[in-house]
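Participant: Mind folding the following:
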Amino acid sequence: MGNGDIRVRGLAARAGGWSARHRWAAVGIWVLFVVLAMGLGSAAGRVDVKDSDQLKGETHTAARIVEDAGIDEPASETVLIQARGGDLKATDSEFRDAVEAVVRAVEGTGRVTEVTSPYDTKTISKDGHSALVQFDMRGESDTAGERVEPVLKAVEGVQEDHESLRIEEIGGASMMKTFDDAFGDDFKKAEYSAVPVALGILLIAFGALVAALLPVLLAITAIMATMGLMGVVSHVMPMSDTANSVMLLVGLAVGVDYCLFYLRREREERDAGRDAQTALRIAAATSGRAIVVSGVTVCVAMAGMLFTGLAEFEAMGLASLMVVAVAMVGSVTVLPALLSLLGERVEKGRLPFLGRRKRSGGSQDSRFWTAVLRRVLAKPVVAVVVAAGALLAISAPALGMKTQQLTLDQEFGDSLPIVQTYNRLNDAFPGGSEPAEVIVKARDINAPEVKSALADFRERAISSGASRGPVEIKLHDAQNVAFVYVPLVGGSDQDKAGASLDTLRDEVRPATLGKVDGLEAPITGQVAGSKDFNDQLAGAVVPVFAFVVVFAFVLMLLSFRSLTIAVTSIVLNLLSVGAAYGILVAVFQHGWGASLVGAEGVGAIITWLPLFLFVILFGLSMDYHVFVVSRIREARLRGLATKDAIRHGVVTTAGVVTSAAVIMVAVFAIFGTLSMQSMKQMGVGLAAAVLIDATIIRGVLLPAVMALLGERNWYLPKWLHRLPDLTHDETPQAVAAPAARDDEGEPLRV
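Facilitator: As a prediction, this is how the structure comes out:
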């Protein structure tokens, strides 16, 4: 093929062509967009999700009542005083002296209020060896962790004077401080190390500093622009810190991937002897189109989170959708402009030990994948059976998946002293560390019938077996609201505590508080929140799965004009997700090989992860699938037989898919090194799925299935021919080469 001016059609090709011709304008517009987005976001400020909007159901109702009443719940703290050897009891003078010393010490800090003695509140364990001093932190609960250190030191001072007793503090403020000190830098380290890791891998992949910097810089600018846009959009749909972290993770992954696809194709065409202009045009019409198809598919997958009804998920979905869209636009506009500006200078900063790339007149195929493909295409049936069988076997543990909100000891293990305190407190006072909270709203909270109902509720909560007490009631007379704290039998055992919660909601409440007209009494708390979250998430699973799968199917159908390709795309992606689920359950639920990733078998997967992984993985898997299948289709259009087109498409994309997958796996694996089990689960699940997707799925199963299907890969029923044709971004090679024809000599429509 010559280097003449060949006209190609399609959005990506036109965008790339315009940017290459107006390169300074394209770069300027992009920089202006990023600066404006950041400026607008900074000026608007970010609105975060409120507690009352986090969930629906009773948890939402309780948060709304508290919010409407203007009550700012203080951070509550508890000091556990416990006999070490089991000799002392709360009635002994030494024990009493220690209790009084704790009360004096915490009051003396001036940082606390509402200090209560266990002898007044009856917070003494049944065996008499443990007691609780309780108090609230002054000031806002959100910042209590910053003010709790003097109180902790005061309690430590009392501990030093009473060696025969265990005196330990736990509560919202102390846990906040402990976790900030221990893990607060985890996320920042992960986020900061992700960029150098990606850059290092790109340096190895390209062998030149400038070429490696381009994808990273574009991904970073896309993330910066999206952060600004999140501030503006948050005034319509509130955002969160979690959404910000997920956006950064997804933005870096897809931003680098898209640029990698584009840049690799441009270099490949130049290696084949084409001039810079033609190479850019081909990259725009081929990789550019694949980026657009993949980007739209990923956006659709992310949009699935908007159907959960969970504010946190909606924020994550919208933030991820925006960063993918911004990265996609940047890849097909500013990237070709930069490549046009740089020309041969894209090779600047070459690493000498990697050697100069060879201008061999074509792409350098992967020897490893060439050898693998030779065996796969020689015996496709065996390859399908072995690969599919292996994936199904890996997926099998997912059938027994158990999801729940992780308790403190599950999330952090027993490495922290405060976790051990948490366990001791739950053993002595089951449910005391995470009680159910009944938010009672009445016309007059001091009315006789309301007071009688509260007393009945307290009595029946214990007599029903849902709680062993003590049940504490706090009145807010001015707002006509009462807070009732009920320690649940079951403690940190979520199943047993959940059963106690059901007893409170379904039996105790209707028989007591439910008999007062006009009274609201939603039950919230950690256990209730977990249950409500699970219930709401369970109701969202089918709509989200259906939305993502159906729309991904339609997009693939329109983009490739093949019913077969659309069906196989969905099936292969579901296999990839299933394998990720299986690995998660095996490692984190059953503990098989957990030590290899520095994790523990905690007996459950955190509630939000399966749906989150499905949406993220289904979207990201389409990156590789669209890229590989587009290359196969391109080769088929040039006249190659289907099996030869498969070999060419897989082998020539192996390098870029491998590089992209290594970057994703490395970035996700960083999150697998964090201390929190939930983050480990997310990191390991994402990394394992991407690794499986880029190797077994794209390197073995996809070519084997396509080889078995042969010409049926391009099957489209006649009744679907009226569908919009989105396959018009043809490569210039396909336009210039003789048109492929079928067995009857008719032009082949692929």
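Participant: Just the buried residues of the longest helix along the chain, please?
Facilitator: Longest helix in the chain, counting residues (DSSP state H): helix 526-560. By 16 or more other CB atoms under 10 Å, the buried positions in helix 526-560 come out as 526-534, 536-537, 540, 544-545, 547-549, 551-552, 555-560. Backbone N, C-alpha and C define where each C-beta goes, glycine included.
Participant: That helix packs against which elements?
Facilitator: When contacts are defined as 3 or more CB pairs under 8 Å, 6 or more residues apart in numbering; DSSP states H and E, helix 526-560 sits against helix 57-69, helix 287-303, strand 403-404, strand 436-441, helix 494-503, helix 563-584, helix 609-637.
Participant: Between helix 494-503 and that helix, find me the angle.
Facilitator: If you take axes from the mean of the first three to the mean of the last three CA atoms, to 10 degrees, helix 526-560 sits at 110 degrees to helix 494-503.
Participant: Now do helix 526-560 against strand 436-441, angle only.
Facilitator: Using the same axes, to 10 degrees: helix 526-560 against strand 436-441 is 90 degrees.
Participant: per-residue confidence averaged over the strand or helix carrying L280?
Facilitator: Assigned by DSSP states H and E, L280 belongs to helix 276-285. Mean per-residue pLDDT for helix 276-285: 83.
Participant: CA atoms only: put that helix into CSV for me.
Facilitator: This file holds the C-alpha atoms of helix 276-285, laid out as CSV (Å, rounded to 0.1, in the frame of the first residue of the first chain):
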residue,chain,number,x,y,z
ALA,A,276,3.9,9.8,9.8
GLN,A,277,0.7,11.1,8.3
THR,A,278,-0.5,7.8,6.9
ALA,A,279,0.5,6.0,10.1
LEU,A,280,-1.6,8.4,12.1
ARG,A,281,-4.5,8.1,9.8
ILE,A,282,-4.5,4.3,10.1
ALA,A,283,-4.1,4.4,13.9
ALA,A,284,-7.1,6.8,14.0
ALA,A,285,-9.3,4.6,11.9
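Participant: you'd agree A398 is up against L575?
Facilitator: No: in this structure, A398 is not within contact of L575 by CB atoms under 8 Å, at 11.5 Å.
Participant: what stretches of the stretch 651-750 of the chain score poorly on pLDDT?
Facilitator: For the stretch 651-750 of the chain, the stretches flagged by pLDDT under 70 are 725-750.
Participant: in it, which spans are helices?
Facilitator: 677-692, 702-709, 732-736 (DSSP state H, counting those that start in this stretch).
Participant: So which bits of the second one are buried?
Facilitator: Buried positions in helix 702-709, judged by neighbour count with 16+ other CB under 10 Å: L702, P703, A704, V705, M706, A707, L709.
Participant: Please name the nearest non-neighbouring residue to the first one.
Facilitator: Nearest residue to L702, sequence neighbours excluded (CB to CB, 6 or more residues apart in numbering): L572, at 6.2 Å.
Participant: so the one you found makes contact with P703?
Facilitator: No: using CB under 8 Å, L572 is not in contact with P703, being 11.2 Å away.
Participant: Show me what counts as buried in stretch 221-240.
Facilitator: Result for stretch 221-240 [16+ other CB under 10 Å]: buried residues 221-231, 233-234, 237-240.
Participant: L488 falls within a strand, correct?
Facilitator: No: read with DSSP: H, G, I helix; E, B strand; the rest coil, L488 is coil and lies in no strand.
Participant: coming back round to it: for the helix holding L280, the distance to its chain's centre please.
Facilitator: 36 Å (CA atoms, centre = their mean, to the nearest Å).
Participant: now for that helix, which elements pack on it?
Facilitator: Packing contacts for helix 276-285, counted by 3+ CB pairs under 8 Å, 6+ apart, involve helix 11-21, helix 241-271, helix 311-342, helix 732-736.
Participant: which helices and strands sit right next to the next helix-or-strand element following the first one?
Facilitator: Next along the chain after helix 11-21, taking DSSP H and E as the criterion, comes helix 23-44. Counting by 3+ CB pairs under 8 Å, 6+ apart, the packing neighbours recorded for helix 23-44 are helix 209-233, helix 311-342.
Participant: Highest mean neighbour count across those helices, which stretch is it?
Facilitator: Ranked by mean neighbour count, those are led by helix 311-342 with a mean of 24 (mean count of other CB atoms under 10 Å).
Participant: So which elements touch it?
Facilitator: helix 11-21, helix 23-44, helix 51-54, helix 209-233, helix 241-271, helix 276-285, helix 287-303, helix 609-637.
Participant: switch to 7 Å and redo it
Facilitator: helix 11-21, helix 23-44, helix 51-54, helix 209-233, helix 241-271, helix 276-285, helix 287-303 (3 or more CB pairs under 7 Å, 6 or more residues apart in numbering; DSSP states H and E).
Participant: Which positions in the helix or strand just after it come out as buried?
Facilitator: Counting by DSSP H and E, the element after helix 311-342 in chain order, helix or strand, is helix 367-378. Neighbour counts over helix 367-378 (16+ other CB under 10 Å) mark W369, V372, L373, V376, L377 as buried.
Participant: from memory the third one sits against H648, does it?
Facilitator: No: in this structure, L373 is not within contact of H648 by CB atoms under 7 Å, at 9.6 Å.
Participant: Which one of the helices and strands packed on helix 276-285 lies nearest to G639?
Facilitator: Of all the helices and strands packed on helix 276-285, helix 732-736 sits nearest to G639, with 9.0 Å by CB to CB.
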